[in-house]
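Undergrad: Pasting the sequence and the predicted model now:
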Amino acid sequence: MQTQNNDITFDEYKYKSRSILGQSESPAMIRSLVKHGVVKNEGQAFIFMVMITSLFAGASIFIVYINFFKPLVAPPLTTEQELLFNQEQAQINQSNQEIKN
């Protein structure tokens with residue numbers, strides 16, 4: 001059994017490639033770097049983009065290392081804080097002893 005639908009249209013022939021339109025094949029970011037004078041040609045722009053990407057990747061790895069893998073060092077307690085901590089621990093130990101008995 002054959003079905004036919006004549007309402008379907010395809011727009012594939014309306015789009016032209018960049019080479020036909022006269023645009024370069026380089027990515028827009030590289031063209032933008034050359035246009036604004038950051039670099040002189042596309043080769044330098046590619047190297048610049050690789051360096052920037054490497055810099056950001058390195059910074060990301062460093063930040064992750066600092067936040068997750070470096071041990072945290074607690075600041076030393078003052079004598080008042082230490083006394084308060086010892087009192088709280090004594091109360092906890094006393095309540096634990098009462099629960100056991």
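TA: Cool, the structure landed. Numbering: from 1, shown residues only.
Undergrad: give me the low-pLDDT residue ranges for the protein?
TA: 1-6, 9-24 (pLDDT under 70).
Undergrad: Try it again at 80.
TA: 1-25, 69-72, 101 (pLDDT under 80).
Undergrad: Mind naming the longest helix for it?
TA: Assignment by DSSP state H gives helix 42-68 as the longest helix of the chain.
Undergrad: got the buried residues for it?
TA: 42, 45 (16 or more other C-beta atoms under 10 Å). Every residue, glycine included, has its C-beta placed from N, CA and C.
Undergrad: Give the next helix or strand downstream of it.
TA: Along the chain past helix 42-68, the next helix or strand (assigned with DSSP states H and E) turns out to be helix 79-100.
Undergrad: With only the CA atoms kept, save that next one in PDB.
TA: What follows is helix 79-100, C-alpha atoms only, in PDB (Å, rounded to 0.1, in the frame of the first residue of the first chain):
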ATOM      1  CA  THR A  79      41.400  29.800  75.400                       C
ATOM      2  CA  GLU A  80      37.800  30.800  75.800                       C
ATOM      3  CA  GLN A  81      36.700  28.700  72.800                       C
ATOM      4  CA  GLU A  82      38.800  25.800  74.200                       C
ATOM      5  CA  LEU A  83      37.100  26.000  77.600                       C
ATOM      6  CA  LEU A  84      33.700  26.200  76.100                       C
ATOM      7  CA  PHE A  85      34.500  23.200  73.900                       C
ATOM      8  CA  ASN A  86      35.700  21.200  76.900                       C
ATOM      9  CA  GLN A  87      32.600  22.000  78.800                       C
ATOM     10  CA  GLU A  88      30.400  20.900  76.000                       C
ATOM     11  CA  GLN A  89      32.300  17.700  75.600                       C
ATOM     12  CA  ALA A  90      32.000  17.000  79.400                       C
ATOM     13  CA  GLN A  91      28.200  17.500  79.200                       C
ATOM     14  CA  ILE A  92      28.000  15.100  76.200                       C
ATOM     15  CA  ASN A  93      30.100  12.500  78.000                       C
ATOM     16  CA  GLN A  94      28.000  12.900  81.100                       C
ATOM     17  CA  SER A  95      24.700  12.500  79.200                       C
ATOM     18  CA  ASN A  96      26.200   9.400  77.400                       C
ATOM     19  CA  GLN A  97      27.100   7.900  80.800                       C
ATOM     20  CA  GLU A  98      23.600   8.500  82.100                       C
ATOM     21  CA  ILE A  99      22.100   6.800  79.000                       C
ATOM     22  CA  LYS A 100      24.300   3.700  79.500                       C
END
